[in-house]
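1. Turn this into a structure:
(one chain, ligands or ions: 1)
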Amino acid sequence: MSSVFGKPRAGSGPQSAPLEVNLAILGRRGAGKSKALCLTQLTVCVVEDTYSSEETVDHQPVHLRVMDTADLDTPRNCERYLNWAHAFLVVYSVDSRQSFEGSSSYLELLALHAKETQRSFPALLLGNKLDMAQYRQVTKAEGVALAGRFGCLFFEVSACLDFEHVQHVFHEAVREARRELEKSPLTRPLFISEDRALPHQAPLTARHGLASCTFNTLSTVSLKEMPTVAQAKLVTVKSSRAQSKRKAPTLTLLKGFKIF
Ligand SMILES: Nc1nc2c(ncn2[C@@H]2O[C@H](COP(=O)(O)OP(=O)(O)OP(=O)(O)O)[C@@H](O)[C@H]2O)c(=O)[nH]1
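-> This next block holds a predicted model:
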């Protein structure tokens with residue numbers, strides 16, 4: 001018997017595969033999503049804006065995949081992460097009220113999605129740029145209140161300065177996802193690719209009137225299983241976001257790996 005995240009579990013020997021956790025990072029642009037990614041030592045850009053990292057959480061191996069989303073001002077093409085993630089990290093910047101308001105839209109979107117699918121999806125609210133506290137536009141109490149409204153964990157961090165705290169947040173996200181997976185294991189998460197029509201999806205906006213979320217019509221996408229890391233390394237990054245990030249000094253990866 002071995003333990004998974006500190007809990008003894010029958011039938012899982014030392015050879016058991018690491019827990020697979022998909023985490024989507026949401027938030028308005030400039031909130032520091034990519035910076036937070038960088039500092040958690042996510043090492044390989046697997047495909048487009050999805051990164052992969054082997055983590056150890058509570059002495060147990062975890063294969064963590066993180067999608068660094070790139071919405072402009074409001075949630076867009078939400079299905080691609082709603083259908084994929086086990087947990088969500090909603091990031092705002094403490095020196096930007098706009099980004100805080102944006103994070104509230106994301107939490108509303110997640111609440112709608114949970115209602116619609118009758119599942120709960122762990123979300124963590126992260127106030128970033130704590131080192132800019134002298135320019136605060138959002139108080140800690142407001143962050144706590146928003147997180148309380150949606151029943152999610154709340155943290156304030158500086159992605160720039162506090163690597164360990166950011167890593168702690170990611171590990172908390174893994175723990176939350178693990179709890180949810182233990183309650184109701186999902187089938188393997190799906191990955192949206194761009195080649196075939198997806199017949200059964202109707203826009204969530206239409207059903208809920210969420211004007212702020214522009215959904216992909218999905219006329220040219222299909223759901224596929226997420227590629228394994230080994231396969232995915234062969235995928236050429238075509239995303240403008242990942243490529244533009246190559247120019248950003250903040251995305252110099254810490255372990256000597258490159259985005260490719
Ligand atoms: N002072 C400070 N700056 C930060 C911090 N995190 C990120 N930044 C800066 O904020 C800017 C935006 O950071 P990104 O990580 O690109 O933000 P993003 O949310 O990924 O933004 P988009 O790529 O536009 O979606 C960059 O100049 C970062 O260096 C932080 O903790 N403190």
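
2. Which stretches in this structure count as strands?
-> For the chain, the strands defined by DSSP state E cover 2-4, 7-9, 19-26, 44-47, 50-57, 60-68, 87-93, 123-128, 153-156, 190-193, 222-225.

3. could you redo these as JSON lines and give each row mean pLDDT?
-> Below are the strands of the chain laid out as JSON lines (pLDDT from 0 to 100):
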{"stretch": "strand 2-4", "mean pLDDT": "34"}
{"stretch": "strand 7-9", "mean pLDDT": "38"}
{"stretch": "strand 19-26", "mean pLDDT": "93"}
{"stretch": "strand 44-47", "mean pLDDT": "58"}
{"stretch": "strand 50-57", "mean pLDDT": "87"}
{"stretch": "strand 60-68", "mean pLDDT": "91"}
{"stretch": "strand 87-93", "mean pLDDT": "96"}
{"stretch": "strand 123-128", "mean pLDDT": "96"}
{"stretch": "strand 153-156", "mean pLDDT": "97"}
{"stretch": "strand 190-193", "mean pLDDT": "40"}
{"stretch": "strand 222-225", "mean pLDDT": "40"}
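
4. Of all those strands, which one comes closest to the ligand?
-> For the strands of the chain, the distance to the ligand is smallest for strand 123-128, at 5.1 Å, taking Cβ to the nearest ligand atom. The way it works is simple: take the backbone N, C-alpha and C, and place the C-beta from them, glycine included.

5. any idea of the angle the closest one forms with strand 87-93?
-> With axes from the mean of the first three to the mean of the last three Cα atoms, to 10 degrees as the basis, strand 123-128 and strand 87-93 are set at 30 degrees to each other.

6. Okay, now the sheet partners of strand 123-128, with direction.
-> Pairing partners of strand 123-128, with direction, according to DSSP bridges: strand 87-93 (parallel), strand 153-156 (parallel).

7. if you look at the shortest one, does any of it touch the ligand?
-> If I follow you right, that is strand 153-156. No - Strand 153-156 lies out of reach of the ligand by Cβ under 6 Å from any ligand atom, never closer than 10.1 Å.

8. circling back to that earlier point, give me whichever of the strands paired with strand 123-128 is most buried.
-> Sort the strands paired with strand 123-128 by mean neighbour count, taking mean count of other Cβ atoms under 10 Å, and strand 87-93 sits at the top with a mean of 28.

9. Make JSON lines from the strands paired with strand 123-128 and add distance to Ala145 to it.
-> Below are the strands paired with strand 123-128 laid out as JSON lines (distance: least, Cβ to Cβ, whole Å):
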{"stretch": "strand 87-93", "distance to Ala145": "13"}
{"stretch": "strand 153-156", "distance to Ala145": "9"}
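
10. what about stretch 114-125, how long is it end to end?
-> End-to-end distance for stretch 114-125, by Cα to Cα, to the nearest Å: 16 Å.

11. Can you point out the buried residues in it?
-> Residues Ala114, Ser120, Phe121, Pro122, Ala123, Leu124, Leu125 are the ones in stretch 114-125 that count as buried (16 or more other Cβ atoms under 10 Å).

12. got it, and stretch 122-137?
-> Across stretch 122-137, burial judged by 16+ other Cβ under 10 Å covers Pro122, Ala123, Leu124, Leu125, Leu126, Gly127, Asn128, Lys129, Leu130, Arg136.

13. Tell me the bridge partners for Val62.
-> Leu19, Glu55.
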